[in-house]
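S.K.: Quick one, fold the following:
(2 chains)
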Amino acid sequence: MDLLEYQGKQLFARHGIPVPTGRPAMTVDEAVRAADSIGYPCVVKAQVQIGGRGKLGGIKVAANPDEVREHAGAILGMDIRGLKVHEVWIEEASEIEAEYYASIVFDRSAKAPYVILSTKGGMDIEQVAEEDPDALASLHVDPLLGFQEFHGRRLAFEAGVDADLVRPVTAMLRKLYDAFVAEDAMLVEVNPLIVTPERELRALDAKVTLDGNALFRHPESAALRDPSAEDPQEQMAKERGLTYVKLDGDIGILGNGAGLVMSTLDVVAQAGGRPANFLDAGGGSKADAIVAAVEVILSDDKVRAVLFNIFGGITRCDEVAKGLIEAFDQVQPRVPFVVRLDGTNDEEGRRLLAEAALPNLHVEGTMLGGARRVVELAAATPSEAR
Amino acid sequence: MSILVGGDTRLCVSGITGREGTFHALNNKRYGTNVVSGVTPGKGGQSVEGVPVFDTFHEAVAETGANTAMIFVPARFAADSITEAADAGIPTIVAITEGIPAHDELRVYTHLKRSTGVRLIGPNCPGVLSPGKANVGIIPADFFKEGNVGVVSRSGTLTYQIGNELAQSGFGNSSIVGIGGDPVPGSSFVDILQLFQEDPETELIVMAGEIGGSAEEEAAEYIAEHVTKPVVGYIAGFTAPPGKTMGHAGAIVSGTSGTAQAKADALEASNVRVGRTPTEVAEIAVATLGG
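M.R.: Just a heads-up that it's a prediction; the model follows:
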């Protein structure tokens, strides 16, 4: 789960990491009120999860209420690389003497948190690594030991942090590490981490990715939302407890098990089709879950045909068939369905489907056969049937 | 022979009194697995259709000689249960539970790596099946028979799909190992490849990977140096967009790393033949074994 900048900053603030004072706003009037309480000059920042907002006009400095009104009016509703801006963050303007960079990532390969510090902030860290590797230091932290003072000192000295800032940077990294662990983050990144003329550190930006599996112990984070990144189908699927990812094709896909569904997408693509979604109905899918899944798939009006690819283990094919029959009864789909059932109770499932004689439903014996059939049917489906 | 589970397995099931735990423990028992005990704190003294239940793993080990644990408790209790099993001296732990926080997995992984002789399979995995000998987990055993193909996979249903296609061509399996779809699996492809390489019964290895992380790339390096048996590969997720978690917590392309193409390329560079569909994987395996 990716947080918006201001959500990340609020999380930082809870862990004692210094951030500029700010307030979120969803309307121009709210933005002006927020700016009045913060003082001028202030910065109006578009809240979307995309890099390079500033260059695309998503970050503006305002010297007075009129300028806040003007900038917030322009930025709210703006489209930044396909994401609509629903919120701005109004923040006090900061004076910048130097820009650093700090991040911690959950390094799956090394099986340890990986901490990076650089004295070249405000730019892409990959670029720093390439152009000025001496300005960058990094290390892995033993997850059972945790972040020690020496880790911070080593990073600060190796990255060439100014002598008077070695202690503050070490302390700051310690807090960042604490936040990373306490909040179950997969990534925390501060770019830039600025040094003010008063020689104080501040997180001027925040990029935070949280572990979705750990949200049960972080109700505060679980409640956070990003309206710009929410897709209506994904939202609907989430409410129904389904694992769904929207893609940009026109063939709806349902399968059981993440690996099999990914494989189904690939096979459909190889057959010349374009999948509209990833949907894992999960192990032991019961009829009502199938009905919910069909509703979600068909709510995407680009879908011209649907493929069910089930290999029953815990999932019983007769349950899937019952769900499909019920879904046809409730939703009355106007696009063709191709169904491949294999595994537990597959014969019973196919018998139920044959008996129900659902309109425009085609049973195929293999995954490959199902993929080819659904691609043909999608191509033959006229657009008015959608 | 087989790997990880077999005739000498003495299984203790954590979470045996839960609905899923009971169902699968008994299913494993019916298959012929020696299910000796279960653990549910507070329910010690009860029994689940003749399988005695204990409050702690330590008691279960002392009373029933359990040497393998299966973890079936909810995600928020699973890390604790895994470390308890290890602390009680159980050398093989199979964690079925899905949804364990990544930081918990990291701590468990790091701890277990330092306590010598403990092997964790999973979490978020379908378990291990050695056809004709023992089934520990939720793999539908009916589709598989004894044979000489070892299978290791990050995905459950994808394994069934491939195994079923092999079975239809007349081939069986030495063992089928689901290592799970999480970011920090207890055992990697490399760990399991090593076991299959050492297992005299296994003549060919099928490994099914997916997007995310670098476990397949590490496996490719290992295969080039240490595996003399033929390996057939499969990678799921060629069509997955970057930045989206595809069902499994670990199945995510981050920027340009962890893509299916990079993994397939790495395996092919190590002379692993990579099938583009599950059907093709089975065909390559059959052709290699001279079917």
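S.K.: Can you give me the domain boundaries for chain A?
M.R.: For chain A, the structural domains run A:22-92, A:98-222, A:231-385, going by automatic domain parsing.
S.K.: what's the span of stretch A:30-50, first residue to last?
M.R.: 23 Å (CA to CA, to the nearest Å).
S.K.: Go ahead and confirm A:Gly273 touches A:Ile253.
M.R.: No: counting by CB atoms under 8 Å, A:Gly273 sits too far from A:Ile253 to count as a contact (9.5 Å). Every residue, glycine included, has its C-beta placed from N, CA and C.
S.K.: So the closest residue to chain B within chain A: helix, strand or coil?
M.R.: Chain B sits closest to A:Gly259 of chain A, with a gap of 2.1 Å, by CB to the nearest CB. Here A:Gly259 is helix, with the state taken from DSSP: H, G, I helix; E, B strand; the rest coil.
S.K.: who's in contact with the nearest residue in space to it that is not next to it in sequence?
M.R.: Closest residue to A:Gly259 apart from its sequence neighbours, by CB to CB, 6 or more residues apart in numbering or on different chains: B:Ser155 at 2.1 Å. Residues in contact with B:Ser155 (CB atoms under 8 Å, 6 or more residues apart in numbering or on different chains) are A:Gly257, A:Ala258, A:Gly259, A:Leu260, A:Met262, B:Gly178, B:Gly181, B:Ala208, B:Glu210, B:Ala236, B:His248.
S.K.: Just give me the closest of the residues you listed to A:Ala129.
M.R.: When these are compared for distance to A:Ala129, the smallest value, 28.1 Å, is given by B:Glu210; criterion: CB to CB.
S.K.: Now do the phi/psi pair for the closest residue in space to that closest one that isn't next to it in sequence.
M.R.: Spatial nearest neighbour of B:Glu210, chain neighbours left out: B:Ala236 (4.3 Å); criterion: CB to CB, 6+ apart. B:Ala236 adopts backbone torsions of phi -100, psi 140, taken as degrees, to the nearest 10.
S.K.: Please tell me how far B:Ala236 sits from B:Gly50.
M.R.: 40 Å (CB to CB, to the nearest Å).
S.K.: Neighbour count: those two, which is higher?
M.R.: B:Ala236 (30 against 8; other CB atoms under 10 Å in any protein chain shown).
S.K.: In this structure the more buried one contacts A:Val267, no?
M.R.: No: B:Ala236 is not in contact with A:Val267 according to CB under 8 Å; the separation is 9.7 Å.
S.K.: Compute the number of surrounding residues for residue 196.
M.R.: Just going to use chain A. 15.
S.K.: oops, chain B please
M.R.: If we define neighbours as other CB under 10 Å, then B:Phe196 has 26 of them.
S.K.: And for the one 3 residues further on?
M.R.: Around B:Asp199 sit 19 other residues, with neighbours defined as other CB under 10 Å.
S.K.: Stretch A:267-286 spans what distance, first to last residue?
M.R.: 25 Å.
S.K.: now stretch B:53-73
M.R.: 14 Å.
S.K.: Give the residue spans of the stretch 251-386 of chain A that score low on pLDDT.
M.R.: A:283-285, A:383-386 (pLDDT under 70).
S.K.: let's see 90
M.R.: Scanning the stretch 251-386 of chain A for pLDDT under 90 picks out A:257, A:281-291, A:312-316, A:331-332, A:343-345, A:381-386.
S.K.: quick one: the strands in it?
M.R.: A:251-255, A:277-280, A:305-312, A:337-343, A:361-363 (DSSP state E, counting those that start in this stretch).
S.K.: Turn those into CSV, including mean neighbour count and distance to B:Asn27.
M.R.: Listed next are the strands of the stretch 251-386 of chain A as CSV, based on neighbours: other CB atoms under 10 Å in any protein chain shown; distance: least, CB to CB, whole Å:
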stretch, mean neighbour count, distance to B:Asn27
strand A:251-255, 29, 23
strand A:277-280, 27, 22
strand A:305-312, 29, 14
strand A:337-343, 25, 15
strand A:361-363, 19, 28
